[in-house]
Each structure stands twice: as C-alpha cells, then as structure tokens.
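Generate a structure from the sequence data that follows.
(chains A and B)
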Amino acid sequence: MTKIVLLGMNHRTAPVDVRERFAVDATGSVLRKLVDRPEIAEATLISTCNRVEVVVTTENADAAQHVLYDFFARDLGEGEGPSPGALSEMTYLREGRQAVEHVFRVASAIDSMVVGEPQILGQVKDAYREASDAGVCGAVLSRLFQRAFATAKRVKNETGIAQRPVSVARVAVDLAKQIFEGLEDKSALLIGAGEMIEAALVALHDHGLGERRVVNRTQANAQALADRFGGSAHALDELDRLLPDSDVVLTCVGGDDPILTRERVERSLAGRRGRPLFLIDIGVPRNVDPGVHQLESAYLYDLDDLQEVAAANEEERRRESERAERIVYEEREQFEGWMVALQAVPTIRDLRDRAEGIRQSEIDRFAGRLGLDGSQVDTLEQLTRSIVNKLMHSPISRLRDETDREAGLVRLEEARTLFGLDRDDDAREDAPEDAPDDPPDDDPDEESRA
Amino acid sequence: MYALQYIAAALYLAAGVGAVLGLSLPAPKVLRGARWGLALGAGAQFFAFATLHRNQPAPSLTDLGYAIAVMAWLAVLVTLFLLTRIRLPGFVPPVAFVGFLATFAATLGRPEAAATGDVGTTIPHAHVLLASAGLAALGIAGLAGFFFLWEHRALKRRRSVARNVPMPSLEALDRVNRVTLAVGFPLLSLGVLTGALWLDAQMGSYFGGSLHETWMVIAWTIYLGLVALRFVGRQGARQAAASAVAGFAFLIFAVLGARVVS
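Numbering: from 1, shown residues only, chains lettered A, B, ... in the order given. Got it, this is the predicted structure:
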C-alpha cells in the first residue's frame, strides 16, 4: 500500500550552519539517485534557507525511513554532516497523514519562521517543478503538491495570515499606504545613507516610490545611495528647502540632538496646504523631535513604534494561523479520501478478477463434462456472469463508498483478507484441483435450484 | 405595486449584511458580492421610480418618503461610481443600510398628494432631484470625513488599523471629501433656489419663514463657509473631514429634524 514519508530539518530542529550543509541547489540529480533505490517510488526535495525536506512515496515505510536517513547523511550531507545519532535528533520524520499535513502547513507558511511569509509557496512550487522535470514525481506526489498549492491559496484568501506585515521595513510601507493613495507620485527624503535607510528604501522602492532624494553629512555616501536607486544627492544644509516638497521622510543619522525639530517641521508643513507628511525615524538616538507627531498633518513613527506594530501584527498572524490549521485539516481529510480511493482501485480490480477467474474455470470444467453445445454454453455464461455481477455489486459499492470515510483503509484490508486477494496467485493455482466435482453444500445455486 | 421597492430594499439589506460580513470575516468575495447587491438594488430602485406612476394612488416625488428614497438612490450611485475609482470598501455597509431604510420607509404609509401650486410638476421635481443629489453628495463627503477621522485617530495613536480588507488611504478619503463637496454644494444651492421658486409660486414669497426653510438657509450658509474654507482658505484635511461630518449632521437636521421638531 502506497505511503507518503517525509524526513526533514528546519529552523526549529537544526542550526543554520547544519542546515546549510544539507541545502541543495539543483535537486534533480540527487532525487534521481534516490528514486533509483527500490524502496522509493517518487520523491521531492524542498531546500530553502530555513528547511531541507525530502518527501517520498513508498510501499514499505520502514525500509524507506532507513533509505531517507542514509540519503540525508550521504547524498545531502556528503558524509560531512553530524553523526547518525545527532542527525536523527536534528531531523523529524512524518508518515502518512502527518506527512500530508506537514507539506500543507509548509506550503501555507504556517510552519515558517515568519508565519504567513509569501516566499515559501514559490519555493515549494520550484521544488515540485524540479522533481517533475527530473521525472521523479508521480501521481501521488503530484496530487499532494497540487493540493498543497490549493491549500496555500485557500489559507491566503480565507485568513488574514499574510495580510499584516511583520518586518519593520514592510510596516513602514504599509503605514505609508494607509496615508497615501499610491507611492508612485510621492517624493521621499532620506536623511542618512546607512544600511537601515537602504533596507527601508528597498521596501519603498519595491512599492513604486516616486522621487528619492538623499541627504547626508558625507555627500559621497549620499551620492552612492542615490545612484543605486536612481535618486539625487543633496547636502545637509539643503534640508529646509527639500522638506516642504517631501511626502515621506526617512531618517537614520548619528547625533544626540534631533535633526528635525518640531519648529522645523511645522515651518515645512505650512507650505504643504494640509497634505500629510509621513516621517519614519529609525535613528537611535531619535533624529526627529517626538513633538512632531502632535502636528496635525504629520505622522511620525520611530523604530519602537514600528517594532510595536510589527509585533502586534505577528501576534495577529498567529491568531489567524489557528483558522489556517482548520483549512489544512479539511484539505488533509480530502487528500486522504483520494489516497484511499486510489488504494481501492487495485482491490476492486483484484476482486473482480478473482470472481471472473473462478467463474471462468467452473464454466470450463462443467461445460465439458455436461456436453453442452455452443448456445447452451452462451446461456450458462450469461447466467453465471449475472450471478457473479450481482454478488459482487454490493461489496464493490460498499468499498467505493467507504473510501470517502476514515475507515476506508480498514475496509480495504478486510476485503483483501476476506476474499483472499493477497493470496490470489495461490488461490488461482489451487482452485481447479481443490474444487469438488459436485457443488459445495453452501453453493448459492442450491438455493436457486430449490 | 410596491414589489420593485421591496426588491430594492431587500437587495440593499443583503448588500449591507454581506458587506459587514465581508469586512469582518474578512471575505473579499462576499464583499464583492455585496457591491453587486448594491448595484442590483440601485437597478431595481431605478425601475421602481420609472414605474412609480403606475401605483394607485401614484405618489409624487415631492412626497418626503420618496424624496429621501431618491437621495439614498443617488448616494448609492455616487458610491458605486467612487468604488470604481478608489478602494472604499468601508463605504458599502452604511450606504447599503441607508438605502434599505430609505427605500423601505418610502413604501410605508399613504403618499400625500403633491402640492405643486401653479408651476406644474417641473419645479417641485427639480427641487427634489437637485436637493436630493446635493444631500447625497454631501452625505458621501460626511462618510468620507468619518472614515478619515477614524483612520487619522488610529495613526496618531500608532495603532494599526484593520487591514485585512484594504481600507481607503487618508489621501483617498480627503480626495472623495473634496470632490463630493465641490459637486454637492452647487447641487444643494440649486435645490435651495428651486425650493424658493416653488415657494414663490405657491405663496407669492421666496421665503415662508417655516422652521425647515430657516434651518435650510442656515445650513446652506454654513456649507458656503465650509466651501470657502476648503477651496479658498487653507483648511487642513482633518478639519475638512470634521467639517464634512458636522455639516452633514446639521443638514440632515435641517431637512428632517426641523420637521420633527415642528
């Protein structure tokens, strides 16, 4: 019976220096190597900076586990990773429904370091595409990943898990969007040219920020940043001239005294005719007088404010992830139904084959002995086929119906045992010899003859 | 013959409930459905007005209930137009519920006979349509002002506004406020003017001195001041928002409250 098995390590189970040793760029060749093993039918490898996970399908879960540990140690770790004991502590193994649920949670970013982050879905899609291109992703894993993408879409659309930004830079962008209709026609004034300013500028730039002007004590640094983002560089003494035309002000410069005092900002607001001014102060100590926030059209957020909003948003995402878990549960149930239905197909086929085999062998035996002519054999064929179909109809229908339920796999096992389907070959060989010449006492034909 | 009004009222109610659900769940699809409900309600109400003359007895547009229904219908149309331009999902519930109440209220009670004097129906109907359109636009300005004050307060308190469903930005709300004030005030002025003409035709005087007329003149004067402050003076966005809310509250009192008081 096909089972899904997953072995992985992530940011919670292994430190980054271990994870990076197992990370793989091109997964196709290693996956082909894995699928060459007889225990593994299909395989996919998700390798990101926060996780390395191998998902496989197998007919023998115990043997597959050993293969996967071996694969991790030899092929991914190239023998340089931790000892087998340490490796088992740094990894997690999921089987069956737990594996399915895990894949759905990963794709939906519930399992991510930053819950709801958007990159993971793309990374899982890439992993699936590479496995498909390498020809190691069959019907089961294809279905699993398609459902994982659908689950991620539902989680994104039906919950607020990805709505609220959790990084300081994204929070700043989100606040800017709360104030301004669009950033395309807005002008930004950047006071400072350090890494923090650059990170915030990247986020604003990604959202289509219009004009960028960089002011810095060292004008060469301002020029370098302006050149990278297509802006203009200015000296610090131009600040009063630039301020009234700026919609977004980003500051992060050294110095004990605020560079933007309340009076300075108030003067610049006078020329703005009530247009709002958004100030982001990420300097420590602060570069903008906190009193600026009391000015009517000025909205000042310092680093603490942004971090507070980010923390509140993260908490909100966690709350939303509970709703996301319910969606994952529903989708997992549906996928399991599909898996059971998939398992039911060979059982139903075996059952039909077995019944047809018995019917055919009995016809052959009795037709010769009774000396029946062609038309009589045809009639007998019709009669026995009708009896077999009617007898098989109920158990086959029941098996099909049960695949939708949790007990579906148990029913399949029972059916295989009850009808001796796992001993099918033996039964076929034994049937002619063991079968009595006369119909048995409990032959259903007895009843019809009576 | 009130079937179309009932259908319009039901559609507005469904749109309002859908919009509240869409915003609170949040469920963008439900919110989109609510917008369609609002549009269908406006369509049904249009046909209700178009077939008004078939009612027995046929109500006049000058009937207060119908005048309010016209105002609500125009407010719905303005909102639908703005929704195509700006993200204003928060506007749908209040507009839909006002639409429902106004449409449903218009079907209650027997309509009064139209008092038209000797000016036919042109001036009274022009008065109702122009004043209703002005009220609708200024109502939207008030609503934009309310949302502006709400978001401004949240930003000043440094609390993240619920962003599950995209809310309009302060800039967008200010723009809606400015545009609807610019459109609504001339319409209101024409409504007041045609009202005076109607009065003159009925009573031989442009001003009868009733409570409604007195308060309307005061309301119009206040709006004149607000428009001057907004477009000639240097009124900030927050004051403009507060003015729009207060101005519309005053206007509603002048139209409805004064009748109740009298």
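
Report the rounded mean pLDDT for the helix or strand containing A:Glu20.
Element membership for A:Glu20 (DSSP states H and E) is helix A:16-22. Computed over helix A:16-22, the mean pLDDT rounds to 84.

Spatially nearest residue to A:His11 (excluding sequence neighbours)?
A:Asn50 (4.5 Å; C-beta to C-beta, 6 or more residues apart in numbering or on different chains). All C-beta spots, glycine's among them, are computed from the backbone N, C-alpha and C.

Is that neighbour in contact with A:Met113, as I believe?
Yes: between A:Asn50 and A:Met113 there is a contact under C-beta atoms under 8 Å: 5.5 Å.

in the stretch 151-300 of chain A, what residue is nearest chain B?
Closest residue of the stretch 151-300 of chain A to chain B, C-beta to the nearest C-beta: A:Gly274 (3.8 Å).

is it true that that residue lies in a helix?
No: per DSSP: H, G, I helix; E, B strand; the rest coil, A:Gly274 lies outside any helix segment and is coil.

hmm, back to that, contacts only, for the residue nearest to A:His11.
Contacts for A:Asn50 (C-beta atoms under 8 Å, 6 or more residues apart in numbering or on different chains) come out as A:Asn10, A:His11, A:Arg19, A:Ser112, A:Met113.

got it, and A:Phe72?
By C-beta under 8 Å, 6+ apart, the residues touching A:Phe72 are A:Leu7, A:Phe22, A:Val54, A:Gly81, A:Leu87, A:Thr91.

A:Val248 now?
Residues near A:Val248 by C-beta under 8 Å, 6+ apart: A:Ala176, A:Phe180, A:Leu183, A:Lys186, A:Ser187, A:Ala188, A:Leu189, A:Leu204, A:Leu209, A:Phe278, A:Leu279, A:Ile280.

about what we covered before: in the contacts of A:Asn50, find the pair that's most separated.
A:Arg19 and A:Ser112 (14.0 Å; C-beta to C-beta).

can I get the contacts of A:Asn50 in TSV with secondary structure and neighbour count?
Below are these laid out as TSV (DSSP: H, G, I helix; E, B strand; the rest coil; neighbours: other C-beta atoms under 10 Å in any protein chain shown):
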residue	secondary structure	neighbour count
A:Asn10	strand	20
A:His11	coil	15
A:Arg19	helix	20
A:Ser112	coil	22
A:Met113	coil	13
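
of all these, which comes closest to B:Ala254?
Out of these, the member with the shortest distance to B:Ala254 (by C-beta to C-beta) is A:Ser112, at 56.8 Å.

Can you name the residues of the stretch 101-250 of chain A that neighbour chain B?
By the rule C-beta under 8 Å from any C-beta of the partner chain, the part of the stretch 101-250 of chain A lying against chain B is A:Asn157, A:Glu158, A:Gly160, A:Gln163, A:Arg164, A:Asp174, A:Leu175, A:Lys177, A:Gln178, A:Ile179, A:Phe180, A:Glu181.

Counting neighbours, which of these end up buried?
Buried subset of these (neighbour count, 16 or more other C-beta atoms under 10 Å in any protein chain shown): A:Glu158, A:Gly160, A:Gln163, A:Arg164, A:Asp174, A:Leu175, A:Lys177, A:Gln178, A:Ile179, A:Phe180, A:Glu181.

so what's the closest residue to chain A within chain B up against?
Proximity of chain B to chain A (C-beta to the nearest C-beta) peaks at B:Gly236, 3.8 Å away. Taking C-beta under 8 Å, 6+ apart, we find B:Gly236 in contact with A:Gly274, A:Glu296, A:Ser297.

hmm, 10 Å instead?
A:Leu269, A:Arg272, A:Arg273, A:Gly274, A:Arg275, A:Pro276, A:Glu296, A:Ser297, B:Asp174, B:Ala242 (C-beta atoms under 10 Å, 6 or more residues apart in numbering or on different chains).

so does the helix or strand encompassing B:Val183 get close to chain A?
If you go by DSSP H and E, B:Val183 is part of helix B:170-203. Yes: remark: helix B:170-203 sits within contact range of chain A at B:Leu170, B:Glu171, B:Ala172, B:Leu173, B:Asp174, B:Arg175, by C-beta under 10 Å from any C-beta of the partner chain.

buried residues in that helix?
Quick answer for helix B:170-203 (16+ other C-beta under 10 Å): B:170-181, B:183-185, B:187-200, B:202.

circling back to that earlier point, looking at the residues of the stretch 101-250 of chain A next to chain B, which are in strands?
Residues of these located in strands (DSSP state E): none.

In terms of distance to A:Asn60, which of these ranks first?
For those, the nearest to A:Asn60 is A:Glu158 (37.7 Å; C-beta to C-beta).

Run a quick neighbour tally on the residue lying closest to that closest one once chain neighbours are set aside.
Excluding its sequence neighbours, the residue lying closest to A:Glu158 (C-beta to C-beta, 6+ apart) is A:Ile327, at 6.3 Å. By other C-beta atoms under 10 Å in any protein chain shown, 21 other residues sit near A:Ile327.

What mean pLDDT does stretch B:246-259 get?
For stretch B:246-259, the mean per-residue pLDDT is 84.

What of stretch A:317-325?
The average pLDDT for stretch A:317-325 rounds to 88.

Are that stretch and chain B in contact anywhere?
Yes: counting by C-beta under 10 Å from any C-beta, chain B is contacted by stretch A:317-325 at A:Glu320, A:Arg323.

Find out how far that stretch is from the centre of the chain, if you would.
Chain-centre distance of stretch A:317-325: 15 Å, with C-alpha atoms, centre = their mean, to the nearest Å.

Now do it: everything it contacts.
Here stretch A:317-325 makes contact (C-beta under 10 Å, 6+ apart) with A:101, A:104-105, A:108-112, A:114-117, A:151-152, A:154-156, A:158-166, A:328, B:25, B:164.

what residues are up against the residue of the stretch 151-300 of chain A closest to chain B?
A:Glu296, A:Ser297, B:Asp174, B:Arg230, B:Arg234, B:Gln235, B:Gly236, B:Ala237, B:Arg238, B:Gln239, B:Ala240.

Among the residues you listed, which has the minimum pLDDT value?
For pLDDT, the smallest value among the contacts of A:Gly274 belongs to B:Arg234: 73.

isn't that one right next to A:Arg273, touching?
Yes: contact criterion C-beta atoms under 10 Å: B:Arg234 and A:Arg273 qualify, at 5.9 Å.

Surely A:Gly8 forms part of a strand?
Yes: according to three-state DSSP, A:Gly8 belongs to a strand.
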